[in-house]
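>>> Sharing a model prediction with you, sequence too.
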Amino acid sequence: TNTGEVFFVDFVRSMLKRPNIDYTIEDVQEAFATLAGKGQPSGKIRKKNLVHQLCTIGLEDEQLDADKVEEILALSEVDAMGYIDFDELASLMMGTTSKGK
């Protein structure tokens, strides 16, 4: 939409297609916050909402299927309320092991 924003879905698709692209933590954080939307606990997103967004946003031929999304998210922890933590997911997506890198 030419807003200059990086949506998390687009980020994930890019990571899947071109894993050697360097993204900053700020890029990932902005995309995460946009996808999480208002009313979510700070730094968290519901896994079911993330799966839904990743499976439905974008052009039909670029959409991820639920199995691929589950594969991507398999290494992330989901808390008792069904939320995924931003720092953990960002570390997973960026290939780092410590939070905030």
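On my side now, so go ahead.

>>> Quick check, pLDDT for the nearest residue to L64 once chain neighbours are set aside.
The shortest distance from L64 to any non-neighbouring residue, by Cβ to Cβ, 6 or more residues apart in numbering, is to L54 (5.1 Å). (Glycine included, C-beta is placed from N, CA and C.) Looking at L54, its pLDDT is 80.

>>> So L54 versus A74, what's the distance?
The gap separating L54 from A74 is 13 Å, by Cβ to Cβ, to the nearest Å.

>>> for L92, same thing?
Taken as Cβ to Cβ, the span from L92 to A74 is 10 Å.

>>> ditto for C55
C55 is 15 Å from A74, by Cβ to Cβ.

>>> again with E60
For E60 relative to A74 (Cβ to Cβ), the value is 25 Å.

>>> Also F86?
17 Å.

>>> more crowded one of the two?
Under the criterion of other Cβ atoms under 10 Å, the comparison of F86 against A74 puts F86 first, with 19 against 8.

>>> pLDDT averaged over the lengthiest helix in the chain, what's the number?
In the chain, taking DSSP state H as the definition, the longest helix is helix 25-36. Mean per-residue pLDDT for helix 25-36: 79.

>>> then that helix to PDB, C-alphas only?
What follows is helix 25-36 as a C-alpha-only set of coordinates in PDB (Å, rounded to 0.1, in the frame of the first residue of the first chain):
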ATOM      1  CA  ILE A  25      15.100  -5.800  15.100                       C
ATOM      2  CA  GLU A  26      13.200  -2.600  14.500                       C
ATOM      3  CA  ASP A  27      11.900  -3.900  11.100                       C
ATOM      4  CA  VAL A  28      10.700  -7.100  12.800                       C
ATOM      5  CA  GLN A  29       9.200  -5.200  15.800                       C
ATOM      6  CA  GLU A  30       7.300  -2.800  13.600                       C
ATOM      7  CA  ALA A  31       5.800  -5.600  11.500                       C
ATOM      8  CA  PHE A  32       4.900  -7.600  14.600                       C
ATOM      9  CA  ALA A  33       3.200  -4.600  16.300                       C
ATOM     10  CA  THR A  34       1.200  -4.000  13.100                       C
ATOM     11  CA  LEU A  35       0.100  -7.500  12.800                       C
ATOM     12  CA  ALA A  36      -0.700  -7.900  16.500                       C
END
